[in-house]
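*Asks:* Build me a model from this:
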Amino acid sequence: MIDARNTALIFEGGGMRNSYTAACVAKLIEEDVQFGWVGGVSAGASHAVNYLSHDAWRAKESFVDFAHNPSFGGVSSLLRGTGYFNAEYIYERSSDEELPFDFEAFLANPAEMNLATTRADTGESVYITRDDIYEQSDLNMYVRASSTLPLIMPLRFIDGVPYVDGALGESGGISIDQAEKAGYEKFLFVGTHPRGYVRPQVTRRRAVRRVLGRYPAVAEALIQRPDRYNASKDRLLELEKEGRAQLFFPEDMQVASTEKNVAKLRANFDAGRAQMYAEWPAWKEFLTS
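*Replies:* Below you'll find the model as predicted:
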């Protein structure tokens, strides 16, 4: 066991690009690394709960072979109104059989949890902690809410309130602000964009506002996201210079966020695993220092 309870673990989202960083989740589980705080946004929320349940198999399966399931989604699913990614099935039904989740192991893990989602009616960021989880269905619901991509997935309503992807919130998709507010001074960040990535500004703002006319707060969040994301990324780089953050940026990402080809997803996982194993000595030194 590696005791890293003085460190916060932060997972970035990215849809099926997270097949690359699933290898990082599996490695942390295999090495039995214990963190004090775990945060995730969008697909990173799935990474967070898979890590907390200590399930390396599920961490990989969720973003690789599971995409072959006929109920996973696709264009026909989008046309039926269930979303390009069939969120109800993926997050709230599959855990019964195809992707069983060890809820008891999740409850037994003492690490703090922080999952980000966004209110679609107001644009307000909402952070889900263990205090919000009473049973597994609560966890499934909130992971889905955090992962709900606008336009290609139907909004998740909770107590009459519509929720959308947590990456549209105040952090832009990187929960470093929440980790710092929780009092942590050391951070391990697992990202899905290259080190030099800068999120571009939204140029067709009028079109975004028109398409999302029913939810103007979501439109404004999409427009504001680049500045928020880039500010959070800059903060991570500052912390790295100070020696307080270990950052993982993919060097051989092979898929886009909407990829469903299992062979490509497997190759992407393998690429992530190769990079993870190359960087593991540096990770281990950081986590044990």
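
*Asks:* tell me the SS of the residue nearest the centre of the chain?
*Replies:* Centroid-nearest residue in the chain: G44, 1.2 Å away (criterion: CA atoms, centre = their mean). Assigned state for G44: helix (three-state reduction, DSSP: H, G, I helix; E, B strand; the rest coil).

*Asks:* can you pull out the helices in the stretch 51-200 of the chain?
*Replies:* Remark: helices assigned in the stretch 51-200 of the chain by DSSP state H, counting those that start in this stretch are 56-61, 75-80, 87-92, 103-108, 136-146, 176-181.

*Asks:* Confidence-wise, which of those is weakest overall?
*Replies:* Looking at the helices of the stretch 51-200 of the chain, the lowest mean pLDDT belongs to helix 75-80 (a mean of 72).

*Asks:* what about this protein, any weak spots by pLDDT?
*Replies:* 79, 95-96 (pLDDT under 70).

*Asks:* circling back: relative to N230, how far out is the residue nearest to the centre of the chain?
*Replies:* In this view, G44 and N230 are 17 Å apart by CB to CB, to the nearest Å. To be clear about C-beta, it is placed using only N, CA and C from the backbone, and glycine gets the same treatment.

*Asks:* And for G39?
*Replies:* Going from G39 to N230 by CB to CB gives 19 Å.

*Asks:* The two: who's more crowded?
*Replies:* Each of G39 and N230 has its neighbours counted (other CB atoms under 10 Å); G39 has more, 31 against 17.

*Asks:* Once you drop chain neighbours, what's closest to the residue nearest to the centre of the chain?
*Replies:* The shortest distance from G44 to any non-neighbouring residue, by CB to CB, 6 or more residues apart in numbering, is to F11 (3.3 Å).

*Asks:* got a list of what the residue nearest to the centre of the chain touches?
*Replies:* Shown in contact with G44 (CB atoms under 8 Å, 6 or more residues apart in numbering): 10-14, 18, 190.

*Asks:* go with 6 Å
*Replies:* Neighbouring residues of G44 by CB atoms under 6 Å, 6 or more residues apart in numbering: 11-13.

*Asks:* I174: which of these is nearest?
*Replies:* The shortest approach to I174 among the contacts of G44 belongs to E12, at 5.9 Å (CB to CB).

*Asks:* hmm, back to that, hang on, isn't the residue nearest to G44 packed against G40?
*Replies:* Yes - the pair F11 and G40 qualifies as a contact (CB atoms under 6 Å) at a distance of 4.1 Å.

*Asks:* So for these two, which residues contact both of them?
*Replies:* By CB under 6 Å, 6+ apart, F11 and G40 have these common neighbours: 47-48.

*Asks:* Relative to A4, which of the helices of the stretch 51-200 of the chain is closest?
*Replies:* It's helix 176-181; of the helices of the stretch 51-200 of the chain, that one is closest to A4 (CB to CB) at 13.1 Å.

*Asks:* next one: the closest one to chain centre, how far?
*Replies:* Mean C-alpha position of helix 176-181 versus that of the full chain (CA atoms, centre = their mean, to the nearest Å) differs by 16 Å.

*Asks:* list the buried ones in that helix?
*Replies:* By neighbour count on 16 or more other CB atoms under 10 Å, the buried set for helix 176-181 is 176-179.

*Asks:* in this protein, what residue sits furthest out from the centroid?
*Replies:* Most remote from the centre of the chain, using CA atoms, centre = their mean: R206, at 28.6 Å.

*Asks:* any idea where the strands of the stretch 51-200 of the chain begin and end?
*Replies:* 112-119, 125-128, 156-158, 161-165, 186-190 (DSSP state E, counting those that start in this stretch).

*Asks:* just so I know, which of these lies nearest D252?
*Replies:* Between those, strand 186-190 lies closest to D252; by CB to CB that is 15.1 Å.
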